[in-house]
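> Mind looking at a prediction? Sequence and model below.
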Amino acid sequence: MASSRRKFLKEATALAGILGIGPLWNRAWSRHRMPALPNANGNAAMVSTWNHGMLANDAGFAALENGGTALDMIEAGARLVEADAEGLSVGIGGLPDRDGHVTLDACIMDHTKNAGSVCFVQGIMHPISLARKVMEETPHVMLAGAGAEQYARELGMEESNLLTEKASLAWEKWKATANYKPVINIENHDTIGLLALDHNGHLAGGCTTSGVAYKMHGRVGDSPIIGAGLYVDGEVGGATATGLGEAVMRTVGSFLVVELMRQGASPQEACYEAVQRIIQSMPTDDLQVGYLALGRDGRCGGHAIHGGFNYAYHHSESFESSVHSKLIDASHGT
Ligand code: GLY
């Protein structure tokens, strides 16, 4: 048995050499390893992008303590950030497109590959909840624009004018030059992507955003696209993206991160490799993308093209009620 495995590895390594690719198991998956949590029943973890991830994770763990699942953790965390009118990148208060419309994208996915998504939605307070309804109550995965809004109204979901005074003033100022620069960083960050592992070992993920500021009307980014802005495989782990959606969509980034994890990469290594895929594919001086990943054992990792990317990590072990939390700077260095 051992010798046939050795033979397989030898042949596969030789083939990889001929093809000019390094087999994944030979790569130096070594940087920024998170200490592994014991994969015992009862561990729970949640990771979310950017500073607002701290409060989102708090809300997620509150939902868990109230008997919720990983999906409930995701929805609770995302709703909190969607309702924050001060945030310029998610939900109410999000910066509008170049014509002054706030258009929202969101998706959600569970450990069984159920997924729901909405895009180009206007006037709806909680697109994450709408995405969950699409997943749970319809035969579809994705609803767009007026159709998604019609469904939200049928459900009696909360509606609101999402363009706040603060966002409107920023848009007026932008219009003076109308200089579209899709540079996304901590000062002008975007999407919240969230991944959660509940006490039953089930994973879920979500993503919600108002997208790139001053985008063309009708533009949809990576966040509602399953495989790009979010992907979850209950057997492996989950990944989510933040940053310029076009770069993420062109490399199917979150799916790539999860597939790399399936092949043995740690969450950190997988995020690093997916970032390299973008760097190898297109000029990146003026674009930022960050990936965040959570393994089914509760290990997490994150990496971005440029400095400034951070994420929040909360975990609790073996059903204990105390939750450990920290903000991790994944900004650079590999
Ligand atoms: N990552 C969010 C967007 O590009 O819309």
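Perfect, thanks for sending it. It should be emphasised that the depicted structure is a prediction, and the values quoted were computed from it without experimental measurement.
> what's the closest non-adjacent residue to residue 72?
Using C-beta to C-beta, 6 or more residues apart in numbering and skipping the chain neighbours, the partner closest in space to residue 72 is residue 63 (4.4 Å). To be clear about C-beta, it is placed using only N, CA and C from the backbone, and glycine gets the same treatment.
> tell me which element the one you found is part of?
helix 52-65 (DSSP states H and E).
> then that helix to PDB, C-alphas only?
As requested, the backbone C-alpha atoms of helix 52-65 are provided in PDB (Å, rounded to 0.1, in the frame of the first residue of the first chain):
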ATOM      1  CA  HIS A  52     -17.000  45.900  10.800                       C
ATOM      2  CA  GLY A  53     -16.400  42.100  11.000                       C
ATOM      3  CA  MET A  54     -15.900  42.400  14.700                       C
ATOM      4  CA  LEU A  55     -19.500  43.500  15.300                       C
ATOM      5  CA  ALA A  56     -20.800  41.200  12.700                       C
ATOM      6  CA  ASN A  57     -19.100  38.200  14.400                       C
ATOM      7  CA  ASP A  58     -20.500  39.400  17.800                       C
ATOM      8  CA  ALA A  59     -24.000  39.300  16.300                       C
ATOM      9  CA  GLY A  60     -23.300  35.900  14.700                       C
ATOM     10  CA  PHE A  61     -22.200  34.400  18.100                       C
ATOM     11  CA  ALA A  62     -25.200  36.000  19.800                       C
ATOM     12  CA  ALA A  63     -27.400  34.100  17.200                       C
ATOM     13  CA  LEU A  64     -25.500  30.900  17.900                       C
ATOM     14  CA  GLU A  65     -26.000  31.300  21.600                       C
END
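> Can you name the residues of the stretch 101-250 of the chain that neighbour the ligand?
With C-beta under 6 Å from any ligand atom as the criterion, the stretch 101-250 of the chain meets the ligand at residues 190-191, 209, 211-212, 221-223, 242-245.
> Could you take those and lay them out as a markdown table, with extra columns for neighbour count, secondary structure and pLDDT?
Output for these, formatted as a markdown table (neighbours: other C-beta atoms under 10 Å; DSSP: H, G, I helix; E, B strand; the rest coil; pLDDT from 0 to 100):
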| residue | neighbour count | secondary structure | pLDDT |
| --- | --- | --- | --- |
| 190 | 29 | coil | 73 |
| 191 | 31 | coil | 89 |
| 209 | 29 | strand | 97 |
| 211 | 27 | coil | 95 |
| 212 | 24 | coil | 92 |
| 221 | 25 | coil | 96 |
| 222 | 32 | coil | 97 |
| 223 | 32 | coil | 98 |
| 242 | 31 | strand | 95 |
| 243 | 32 | strand | 94 |
| 244 | 24 | coil | 93 |
| 245 | 29 | helix | 95 |
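> so where's the stretch 101-250 of the chain shaky on pLDDT?
The stretch 101-250 of the chain contains residues with pLDDT under 70 at 180-189.
> quick one, strands of it?
Listed in chain order, the strands of the stretch 101-250 of the chain (DSSP state E, counting those that start in this stretch) span 104-110, 115-121, 142-144, 192-197, 203-209, 230-233, 237-243.
> neighbours of the residue nearest to residue 72, just the number please.
When neighbours are defined as other C-beta atoms under 10 Å, residue 63 has 23 of them.
> Equivalent analysis for residue 327, please.
As a burial measure, residue 327 scores 13 neighbours (other C-beta under 10 Å).
> what's whatever helix or strand it lives in in contact with?
For residue 327, the host element (DSSP H and E) is strand 324-329. Residues outside strand 324-329 that contact it (C-beta atoms under 8 Å, 6 or more residues apart in numbering): 51, 53-54, 57-58, 302, 309-316.
> Buried ones in that strand, by neighbour count?
residue 328 (16 or more other C-beta atoms under 10 Å).
> tell me the contacts of the residue in the stretch 1-150 of the chain that the ligand sits nearest to?
Across the stretch 1-150 of the chain, the shortest distance to the ligand (C-beta to the nearest ligand atom) belongs to residue 105, at 6.3 Å. Residue 105 sits next to 117-121, 127, 207-211, 220-221, 223-224, 229 when contact means C-beta under 8 Å, 6+ apart.
> follow-up on the earlier one: among the contacts of strand 324-329, which ones lie close to the ligand?
Of the contacts of strand 324-329, not one also sits near the ligand (C-beta under 6 Å from any ligand atom).
> what would the residues you listed look like in a markdown table with pLDDT?
Listed next are the contacts of strand 324-329 as a markdown table, based on pLDDT from 0 to 100:
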| residue | pLDDT |
| --- | --- |
| 51 | 90 |
| 53 | 93 |
| 54 | 94 |
| 57 | 97 |
| 58 | 96 |
| 302 | 96 |
| 309 | 91 |
| 310 | 92 |
| 311 | 94 |
| 312 | 95 |
| 313 | 95 |
| 314 | 94 |
| 315 | 91 |
| 316 | 89 |
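> Can you flag the buried ones in those?
53-54, 57-58, 302, 309-316.
> Residue 289 and residue 242 touch, don't they?
Yes. Using C-beta atoms under 8 Å, residue 289 is in contact with residue 242, at 7.3 Å.
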